[in-house]
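Participant: A predicted structure for the sequence below; I have some questions about it.
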Amino acid sequence: MQQTLANKRILLGVSGGIAAYKSADLVRRLSERGAEVRVILTDSGQHFITPLTLQAVSGNPVSTSLLDPSAEAAMGHIELAKWANIFIIAPATANVIAKLAQGMADDLLTTCVLATTAELFIAPAMNQQMYKNIATQKNIATLNEHNFHIIGPAAGEQACGDVGLGRMEEPLQIVAAIEQFVAAKPDSHLSWQGISIAITAGPTREAIDPVRYISNHSSGKMGFALAAAAAQLGADVTLIAGPTLLTTPAGVKRIDVISAEQMHQAALTAAQNSAIFIGCAAVADYRMAEVAAEKLKKTSDAELILKMVKNPDIIASVAALSQHRPFTVGFAAETHNLIDYAKAKLSSKKLDMICANDVSDPNQGFNSEHNAVTLIWPQGQLALPAQAKSALAQQILQHVLQQFQLVAKI
Ligand code: PMT
């Protein structure tokens, strides 16, 4: 087994959900990749898994209480919090997530979270309705703002019989997210400060007549999440937005457009002043050959045939710039043959990277809060699991920056 987590000190917090039974496997997977793992098990966690099991797999005593003098004598809670360089809470129940979002410290787990400088990860696990609840969503958004990395949850059948988002990600998926983070970490000193990025987002609308248009289901959420994350990281962000009701993220320069032709103009100008360009917009491939000046009237004909012509391919024009060409990243929204079609677009549009986006799953992609993509670039590919678009945006940007630095030899 490759020692991808060698020298990593991982503190695993296990709270009280049925998924706690997977925590022993998670400890084993982390340990076999070279990590030293210590476990904090909450009172409710002990209803689902015993300290003895977790001690056996981790090879270390398991901490269960803030008020246990013998445990405190061995390794006090502050020492434990300082010991870790990675802190994962898996499963993270709705209750623990709520407490963390409030900054509470009423047990060993929450106290250690407040006292640590480790990178924080949570793998939410709960009933799908609890996960959908606005309070939980707000709490997760708060943790996201507080730089927690959110892994999952996954969708599927739940222990209670419900079906939906809320299952804890599988241990191997959690390990993959940690490995990706660790692999990217050596470059994390490379910063977005001073880097200009242009991002397209949302749909375009192609007018048929003064009152009708052709468009698609893009909400703009993915592109806006990328813009918000890039601005938070210190980049100089221009967001070219198709029609959407979303508010402009803090620190972002926004240019509103309606049609693909307008987006094309705005994107070419912004791209030439940017080091990086991300085309996240769902651009209409065709527009009306002629837009009717007046509202089309219904006729007695059973059919209406509209003549359409091809729109410019915005991202291909950006990638073809002979001067001031930015590092160019596209998206490929596909319902089937995801990777093959995405690779074909990477090559035909001459992009530096593409985010293959499976839009056949109604739980992700168009107009959803969640998304999952596989990043593909000429020398490799990497799957980023389903998660909130805000969290996914951070991961995408981390890998975009890495590849950009490699290509630009910065
Ligand atoms: O907006 P959301 O509701 O959050 O949904 C997000 C999303 C699903 C729209 C987004 O994640 C996504 O996948 N965006 C790309 C959608 C798309 O149109 O994909 P495509 O495979 O048709 O296009 C491939 C690439 O070419 C894209 O980068 C697209 O922006 C670009 N393109 C396409 C046509 C065109 N005329 N000009 C372009 O630049």
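Facilitator: On my side now, so go ahead.
Participant: Look up phi and psi at residue 42.
Facilitator: Dihedral pair for residue 42: phi -80, psi 170, per degrees, to the nearest 10.
Participant: For it, which residues are in contact?
Facilitator: 13, 14, 15, 16, 64, 96, 107, 108, 109 (Cβ atoms under 8 Å, 6 or more residues apart in numbering). C-beta coordinates here come from the backbone N, C-alpha and C atoms, glycine included.
Participant: How about it: what's its closest non-neighbour residue?
Facilitator: residue 15 (4.8 Å; Cβ to Cβ, 6 or more residues apart in numbering).
Participant: ditto for residue 311
Facilitator: Residue 311 sits nearest to residue 260 (Cβ to Cβ, 6+ apart), 4.0 Å away.
Participant: State the number of residues packed around the one you found.
Facilitator: 25 (other Cβ atoms under 10 Å).
Participant: Tell me which helix or strand in this structure has the weakest average pLDDT.
Facilitator: helix 69-74 (a mean of 74; mean pLDDT, DSSP states H and E).
Participant: got the residues of the stretch 201-350 of the chain near the ligand?
Facilitator: Listed as neighbours of the ligand in the stretch 201-350 of the chain under the rule Cβ under 6 Å from any ligand atom: 202, 218-222, 260, 279-283, 285, 311, 313-315, 330-333, 345.
Participant: Please, which helix or strand holds residue 213?
Facilitator: Counting by DSSP states H and E, the element that carries residue 213 is strand 212-214.
Participant: Direction included, what does that strand pair against?
Facilitator: Sheet pairing for strand 212-214, assigned by DSSP bridges, gives strand 206-209 (antiparallel).
Participant: So what touches the partner strand?
Facilitator: Outside strand 206-209, the residues that reach it (Cβ under 8 Å, 6+ apart) are 213-215, 259-260, 284, 286-288, 291-296, 306, 308, 311.
Participant: and with 10 Å instead?
Facilitator: If you take Cβ atoms under 10 Å, 6 or more residues apart in numbering as the criterion, strand 206-209 is touched by 212-215, 258-261, 283-288, 290-297, 304, 306, 308, 311.
Participant: same check, this time on stretch 337-348
Facilitator: Contacts of stretch 337-348 (Cβ under 10 Å, 6+ apart): 313, 315-316, 329-335, 351-360, 373-378, 381, 383.
Participant: let's see it at 8 Å
Facilitator: 316, 330, 332, 334, 351, 353-358, 374, 376-378, 381.
Participant: what's the neighbour count on the closest residue in space to residue 71 that isn't next to it in sequence?
Facilitator: Counting by Cβ to Cβ, 6+ apart, residue 63 is the residue found nearest to residue 71 once chain neighbours are left out, at 5.5 Å. For residue 63, the neighbour count with other Cβ under 10 Å is 24.
Participant: Just confirm residue 63 contacts residue 79, I think it does.
Facilitator: No - using Cβ atoms under 8 Å, residue 63 is not in contact with residue 79; the gap is 10.5 Å.
Participant: I'd say the residue nearest to residue 311 and residue 314 touch.
Facilitator: Yes - using Cβ under 8 Å, residue 260 is in contact with residue 314, at 7.0 Å.
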